[in-house]
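Enquirer: Sharing a model that was predicted from the sequence below.
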Amino acid sequence: MPQHYGFKRLINRYAVPFTLVSSSSGYYDDLGEWVDGVPTETELTGALVPLPARAVYQSGGRLTQRDRQLYKTGDIIPEGSTVVYKGHRYKVESWTNHGDYADFDAYLLKSMSNFDEVTP
C-alpha cells in the first residue's frame, strides 16, 4: 500500500466555513412532467485560497482574481455544485483527485459574478 502524504492538519489549520449548495437530480413524475431537483445546503470547511497570479495570467482570460481554489478532505463535492463563502457564490468547475498519494482533493471554483456583489 503506497504512503499517503498527510495534508489534513495543514488544511484544517487554514480551513474556513462555507456553504455547499447542491441539488438532487430531477425526475419525471407519473404524468411525465419534469420535476426539478431540490437544492440542499450543507455547512462544510476547507482551505479556500485565491488562485496564484501566474495561473490567472496563463489562463488567457478564462480565470480571474475572483476565482478560488478549494482544498478539502473528506467527501467529494460534485462538479456543478455551488459554494457560498462570505456572501460570494462560486461554481465548482473541476475536481482534482489526489487520492493516490495524498489525503485531500482540490477544486477549482469559478466566481458566479463579474462584480463584487454579495448575496444575502
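Expert: Received it, and whenever you're ready, just let me know what you need.

Enquirer: which strands and helices sit next to the top strand by length along the chain?
Expert: Ranked by number of residues, the top strand in the chain under DSSP state E is strand 39-50. Packing partners of strand 39-50 (3 or more CB pairs under 8 Å, 6 or more residues apart in numbering; DSSP states H and E): helix 8-13, strand 16-23, strand 68-72. Any C-beta I mention is one placed from the backbone N, CA and C, and that applies to glycine too.

Enquirer: Now do the buried residues in the next helix or strand after the last one.
Expert: The one in question is strand 68-72. Once the chain leaves strand 68-72, the next helix or strand it forms, by DSSP states H and E, is strand 82-85. Using 16 or more other CB atoms under 10 Å as the test for burial, strand 82-85 gives Thr82, Val83, Tyr85.

Enquirer: List the beta-bridge partners for the residue nearest in space to the middle of the chain.
Expert: Centroid check for the chain by CA atoms, centre = their mean gives Val92 as the closest residue, at 4.2 Å. On the basis of DSSP bridges, Val92 is bridged to Leu109.
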